[in-house]
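[1] pasting the structure only:
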């Protein structure tokens, strides 16, 4: 086996190169996704930035090129709006047509505790973007990912899944919307999706991981900061950033928050590991609900119908 990647204090210390590899990172224009992209570009991978906002993606590309010092052709921008099935299908068709391989898919983009809203296809925004969008994208790219094996899929989840439950009778939160509950449900969906996907891919050479980045200060908290944000969480978020209370949350900067995604994407010792949940670059025990194989299969089947993959 190749030398394992050192995860020193949850920081990846490794010279592993990804020369000749192709990576897609959703939401790579800011925060954790951006620093993941910089790191993998430094490792000589071709990195495709799958982003909704082209102008922000262009700024991110210039930052990646400057910091990674890689050839310009190694950083590519592709338009992707995870709140639109049409956009996801168009993106996937483009990738399947133009790319010969896809070695690593990092489903990083997401929304957090946002005001009540619907995706283009009528789904609650957090369930629709965080789960259904990435579910559809991954399945549409799966043949290419399997063709490129050994390959990897990294789903960025959250420890907040432990506070989530899945209401199979009301996945869209039509009977009373709570930003916190909807976010927790979507993150639990991420882990159950990873769990069932890993089982369906056994023997294919494709490994699947779900990763908790840690409490990280990024644009993801913009709805918490907004005037419409939940007052309790707004207070908690604000006070835990004060020096006297910083020990409560141990907030990370984005480059630190990106480390677990990077570890799952590159560590040679994980090649035969799949379906596991990681935090601080180590396998961690997820909640009991997140280990429910019956719910994982039920969610998979419902998601297949909602995204109309087979139609």
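    All right, it came through fine. From a predicted model like this one, the values you see are computed outputs, not experimental measurements.

[2] Next, give phi and psi for the closest residue to residue 19 other than its chain neighbours.
    For residue 19, ignoring the flanking residues on the chain, the nearest one in space by C-beta to C-beta, 6 or more residues apart in numbering is residue 44 at 4.3 Å. Backbone N, C-alpha and C define where each C-beta goes, glycine included. Residue 44 has phi and psi values of phi 80, psi 20 when expressed as degrees, to the nearest 10.

[3] okay, now residue 44: neighbour count?
    16 (other C-beta atoms under 10 Å).

[4] Cross-check the contact I'm expecting between it and residue 16.
    No: the pair residue 44 / residue 16 is not scored as a contact, 10.1 Å apart, by C-beta atoms under 8 Å.

[5] need the contact list for the residue nearest to residue 19.
    Contacts of residue 44 were listed using C-beta atoms under 8 Å, 6 or more residues apart in numbering, and they are 17-20, 70, 74.

[6] Among the residues you listed, name the buried ones.
    18, 70, 74 (16 or more other C-beta atoms under 10 Å).

[7] Now, the residues you listed that are in helices?
    Among the buried ones among the contacts of residue 44, DSSP state H puts none in helices.

[8] coming back round to it: just curious, which of the contacts of residue 44 is nearest to residue 264?
    residue 18 (13.3 Å; C-beta to C-beta).

[9] Find the nearest non-adjacent residue to the closest one, please.
    Computed as C-beta to C-beta, 6+ apart, the closest residue to residue 18 that is not its neighbour in sequence is residue 45, at 3.7 Å.

[10] Check residue 171 too.
    residue 127 (5.7 Å).

[11] Helices of the stretch 151-300 of the chain, start to end?
    Using DSSP state H, counting those that start in this stretch, the helices of the stretch 151-300 of the chain run over residues 179-200, 222-225, 231-239, 254-257, 259-266, 293-307.
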